[in-house]
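S.K.: Sequence and predicted structure are below.
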Amino acid sequence: MRLKSKHLLCFSFCFILLLSGCKEEPVKNEEVTTVNTFTVSIKNYENSVSYSGYAAADELKRFSFELPGKINKVLVEKGDIVKSGQIIATLDTQTIQMAINNANQNIALAQNKISQIDSSINEINIGIEAENLTLKKVQTGIDAEKISLQKTKETYSSSINKIQLKYDNAKETFENTLTLYNRGVCDKTTYDSAKLALDTVTEELENTKQTMEKDITLQEKKIENLENDYSLQETKIKDMENKLEQANIQKQAAQISVNQAKISLDENTKYLSDSSLKSTIDGYVVETPMKSGEVTSAGTPVVVVKSGNEVINVSVPTEDYGKFSVGMEARLTQDDKEIYGKITSIDLYPDETTRTYNIKIAPSENNLFALGSLINVTISLDKETSVFIPINSIVNINGIDYVYCITANENGDTVVKSKEIKIKNADGENVCIEGLESGTKIVSDEVKNLRENQKVNVKEGETVEK
């Protein structure tokens, strides 16, 4: 049995019984009442909502080209049956084909230029690599010459120090000899010998210093020349790197040309594909607004096709909108006709006038209902498990709903005790409630005549089936 949530009952029972006090006082000399009972059990039920819908054609499609052009041929006429995927009109593709040819040529030219630039880039890179090796060799030569210069300076410094020592000794000897010669202590031969020794070592010292300066100057000049070579080599490499940068810029420009030509090719290839207008639905032609040879703009209808499929349109209020999703099952009934369908689409925005959302349901059979006729639509939301009890088993006391449960008192007598419940919803004579456990036995009717702890005789009732 399906539970219709929009038929929720707000139970203000006409038989509200205001009981005076609920004290558990034993009933004395009370007549025992025979009652019907109902054993509570958990049942499955389907939660659903119902609306009125109407049958309509699934779709009316106005087919148009996505680009402007001259219509080559309209291949269908009014009343023709068409199938999904069938070509119904074509455009003149001469201009499109020319654009495709131009794009292919531009791609070939740009790619050829890129190939040439790549060869140049490869040569430049090889040249830069070779020049860098030369630069390293020059730097190695500079380093070697600087080491050699340092050794030369050290060698001459050592030699000059030794000669300087000889010079100092010769000078001292000469000065001593001169003093003795002036005093007449030594002869002229000794004096001349000391003078010659001083002159010789002096000449040797001067010659060594001059040679040192000459050798150092030559090595420094050599280093200077090598450093100039190094600078020239760096300039050469920099020039080659600039050429490489320019080549890469040219390659990027050529690649942009390739990309632009490919975009043009893709667009015109798509245009060529779009030049054949195809039906996307099964149906029949109701109108051909454009004729062969006419010029059409993008989006202008050329062929109008009505779908042969049937759809049931249902308008649902805002409060129910979030309950539905595409693919949910719906039961469709009209008089003695009953079939099932599935939700195929749900509008994202409500109708501006009614503020309701349109839901489309595709029936499992086509053309069962007359177009425009009203259809009863029941949509299953979910399945739940709950407790159902007879509506007549509920008593309302001071706005609170109760049932009377069958139990035994301390003397072993069968009595009734009230139990508060919460009503969730209702379906006809049965009520979905919370607050009772499965297996609980309650009084199923005539509860307004009962009192707390009243003794009763049990007459077993029947369980309500859902």
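M.R.: Cool, the structure landed. Residues are numbered from 1 along each chain as shown.
S.K.: tell me the SS of the residue positioned nearest the centre of the chain?
M.R.: Nearest to the mean C-alpha position of the chain, by Cα atoms, centre = their mean, lies Leu348 at 22.0 Å. Three-state call for Leu348 (DSSP: H, G, I helix; E, B strand; the rest coil): coil.
S.K.: mind checking pLDDT for it?
M.R.: Here, the pLDDT recorded for Leu348 equals 91.
S.K.: do the same with Val27
M.R.: pLDDT at Val27 comes out at 44.
S.K.: before we move on, what about Glu59?
M.R.: Looking at Glu59, its pLDDT is 76.
S.K.: what's the spacing between the residue nearest to it when sequence neighbours are not counted and Thr378?
M.R.: Leaving aside its sequence neighbours, Glu59 sits nearest to Ser307 (Cβ to Cβ, 6 or more residues apart in numbering; 4.0 Å). Every C-beta, even on glycine, is put in place using the N, C-alpha and C of the backbone. In this view, Ser307 and Thr378 are 25 Å apart by Cβ to Cβ, to the nearest Å.
S.K.: now swap in Ile343 and tell me
M.R.: 12 Å.
S.K.: list residues touching both of those two?
M.R.: Residues touching both Ile343 and Thr378 (Cβ atoms under 8 Å, 6 or more residues apart in numbering) are Ala330.
S.K.: in the stretch 151-300 of the chain, what spans have low per-residue confidence?
M.R.: Counting by pLDDT under 70, the stretch 151-300 of the chain contains no low-confidence residues.
S.K.: Which helix in the protein has the most residues?
M.R.: In the chain, with assignment by DSSP state H, the single longest helix is helix 94-183.
S.K.: what's downstream of that one, the next helix or strand?
M.R.: Using DSSP states H and E, the next helix or strand after helix 94-183 towards the C-terminus is helix 188-274.
S.K.: Hey, what's the angle from that next one to helix 94-183? Just curious.
M.R.: 170 degrees (axes from the mean of the first three to the mean of the last three Cα atoms, to 10 degrees).
S.K.: Now find how far off-centre helix 188-274 is within its chain.
M.R.: Distance of helix 188-274 from the chain centroid (Cα atoms, centre = their mean, to the nearest Å) equals 54 Å.
S.K.: which one is Thr152 nearest to, not counting chain neighbours?
M.R.: Thr152 sits nearest to Asp215 (Cβ to Cβ, 6+ apart), 5.7 Å away.
S.K.: can you tell me how far the residue nearest to the centre of the chain sits from Tyr357?
M.R.: Leu348 is 8 Å from Tyr357, where distance means Cβ to Cβ.
S.K.: what does Thr202 give?
M.R.: Remark: distance between Thr202 and Tyr357 (Cβ to Cβ) = 120 Å.
S.K.: more crowded one of the two?
M.R.: Neighbours were counted for Thr202 and for Tyr357 using other Cβ atoms under 10 Å; Tyr357 has more, 20 against 16.
S.K.: who's the more buried one bridged to?
M.R.: Val316 (DSSP bridges).
S.K.: That one touches Glu319, doesn't it?
M.R.: No: contact criterion Cβ atoms under 8 Å: Tyr357 and Glu319 do not qualify, at 10.7 Å.
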